[in-house]
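Participant: the sequence isn't on hand, but the structure is:
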């Protein structure tokens with residue numbers, strides 16, 4: 001089950017794709033990671049999907065990663081009179097922290113933390129930014145605002161506050177219950193919504209421990225201001241362009257995406273590009289040309305993974321969407337411009353022995369025409385350091401730990417396999433050749449580059465490099 005591409009593909013599971021036979025079709029079409037969106041569905045629903053994915057994993061004999069995506073806080077207005085309220089540009093409205101059936105003089109906004117933090121000049125965006133209000137005055141129990149862009153407001157529409165950091169934990173009571181459930185199931189990655197600062201990541205990691213990797217979703221302007229600390233503390237990053245694109249100008253999103261991909265590559269942390277990548281395939285069997293270009297741009301940027309949301313969760317063509325994204329990734333990576341672009345974006349290696357050995361392994365594999373880099377890893381760090389270089393050849397990641405093998409399904413270029421523990425150089429060489437042959441990465445006479453840490457099995461000790469003839 002070897003993929004002939006480096007970047008990974010994440011498919012969200014939902015009503016269109018939860019059946020075991022559809023999950024199998026999605027995997028065969030190219031899905032490397034399955035996302036369970038805890039904004040929807042019950043624990044029983046997600047448990048059934050989790051069990052089906054693990055059964056699929058057993059059937060195909062390949063590690064499959066499962067990503068649990070937590071809902072996070074949802075800021076919404078309350079109910080409005082008659083279920084719809086027409087706001088006209090230029091008029092003044094008032095928002096209050098309590099009340100029901102509000103009108104223009106008392107639109108309910110049941111979030112006291114907003115009234116404590118908002119300041120004159122800040123914007124409030126309603127219904128994914130379709131309606132824009134600008135605060136002109138505020139107090140503990142009222143916000144006065146000018147309607148900048150008007151429209152029809154319905155009940156319980158979402159509110160975004162791009163200018164206002166909120167004293168709000170990213171983990172609601174629901175998220176904490178969902179996180180505990182995900183840990184019990186044994187998910188491999190947990191995505192944290194509404195991250196505003198580095199300490200938000202610490203709060204979640206204290207609950208997750210070493211049971212899963214943490215993905216910080218970047219969807220708030222305040223997260224961009226604290227991005228280096230957030231990346232340092234996280235295990236991976238998701239560029240959640242939907243919410244981020246509401247809170248920052250649309251024209252800023254492409255540049256921010258490139259910045260985030262580069263920062264994650266510099267830190268040797270996986271980065272996911274998400275939201276509306278093939279959105280038209282929710283209702284059509286083919287994407288627009290612009291959507292295909294959007295996916296390709298993420299691949300040219302060097303993203304570790306691209307993600308499908310509604311396309312595979314609730315769309316009419318989930319398997320076709322995965323197949324299309326797989327083809328776009330593959331074709332882009334084979335384009336003559338790809339290698340020069342990826343090389344031009346390469347960060348300087350960190351001045352540590354582990355990073356130097358990994359970078360040398362990637363360069364050596366390219367220069368001698370090795371068929372594969374075989375990386376022995378106990379934590380996944382060796383693979384991350386090699387992937388940072390974006391080598392031409394694939395990375396065969398061999399680990400004795402099933403949890404590590406699954407998490408590596410998110411890492412660029414990594415084909416992970418579960419293997420026995422290695423305790424000697426001779427065993428390392430023999431096992432590298434056996435795995436490369438068995439997984440279809442080499443034939444007899446090929447040359448391998450083998451990377452490991454000595455003492456064997458110790459995390460973080462990438463210090464050994466061998467060239468092996470199969």
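Facilitator: Arrived safely. Note that the coordinates shown come from a computational prediction; the quantities given were computed from them, not determined experimentally.
Participant: give the buried residues for the strand or helix carrying residue 291.
Facilitator: Following DSSP states H and E, the helix or strand that holds residue 291 is helix 289-301. Of the residues in helix 289-301, those scored as buried under the neighbour-count criterion (16 or more other CB atoms under 10 Å) are 291, 292, 294, 295, 296, 298, 299, 300, 301. Yep, even glycine has a C-beta here, placed from its N, CA and C like the rest.
Participant: repeat for stretch 8-15
Facilitator: Counting neighbours by 16+ other CB under 10 Å, one finds that the buried residues in stretch 8-15 are 8, 9, 10, 11, 12, 13, 14.
Participant: would TSV of the residues you listed with secondary structure be doable?
Facilitator: Output for the buried residues of stretch 8-15, formatted as TSV (DSSP: H, G, I helix; E, B strand; the rest coil):
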residue	secondary structure
8	strand
9	strand
10	strand
11	strand
12	strand
13	strand
14	coil
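Participant: okay, these in a markdown table with distance to residue 319 and pLDDT next?
Facilitator: Converted to a markdown table, the buried residues of stretch 8-15 look like this (distance: CB to CB, whole Å; pLDDT from 0 to 100):
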| residue | distance to residue 319 | pLDDT |
| --- | --- | --- |
| 8 | 18 | 98 |
| 9 | 12 | 98 |
| 10 | 15 | 98 |
| 11 | 9 | 98 |
| 12 | 13 | 98 |
| 13 | 13 | 98 |
| 14 | 13 | 98 |
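Participant: re earlier: so how far is whichever helix or strand comes after the helix holding residue 291 off the chain centroid?
Facilitator: Beyond helix 289-301 in the direction of the C-terminus, DSSP H and E gives the next helix or strand as strand 305-308. Here the centre of mass of C-alpha atoms in strand 305-308, compared against the chain's by CA atoms, centre = their mean, to the nearest Å, lies 7 Å away.
Participant: show me what whichever helix or strand comes after strand 305-308 is packed against.
Facilitator: Next helix or strand after strand 305-308 toward the C-terminus (DSSP H and E): helix 310-313. The elements that helix 310-313 packs onto, with contact taken as 3 or more CB pairs under 8 Å, 6 or more residues apart in numbering; DSSP states H and E, are strand 8-13, helix 318-334.
Participant: try 10 Å
Facilitator: Based on contacts counted as 3 or more CB pairs under 10 Å, 6 or more residues apart in numbering; DSSP states H and E, the elements that helix 310-313 packs against are strand 8-13, helix 20-29, strand 33-37, helix 318-334.
Participant: just these: most buried one?
Facilitator: Comparing the helices and strands packed on helix 310-313 on average neighbours per residue, with mean count of other CB atoms under 10 Å, the densest one is strand 8-13 at a mean of 27.
Participant: if we can go back for a sec, ok, which of the helices and strands packed on helix 310-313 comes nearest residue 170?
Facilitator: For residue 170, the closest of these is strand 33-37, at 16.1 Å, according to CB to CB.
Participant: if we can go back for a sec, out of the buried residues of stretch 8-15, which is nearest to residue 108?
Facilitator: Using CB to CB, residue 14 is the member of those that lies nearest residue 108, at 30.7 Å.
Participant: can I assume that closest one is in contact with residue 26?
Facilitator: No: contact between residue 14 and residue 26 fails when scored by CB atoms under 10 Å: they sit 11.4 Å apart.
Participant: ok, the closest residue to residue 286 other than its chain neighbours - contacts?
Facilitator: Counting by CB to CB, 6 or more residues apart in numbering, the nearest residue to residue 286 once its immediate chain neighbours are dropped is residue 324, at 7.2 Å. The contact partners of residue 324, by CB atoms under 10 Å, 6 or more residues apart in numbering, come to 29-30, 278, 281, 285-287, 291-292, 295, 308, 311, 317.
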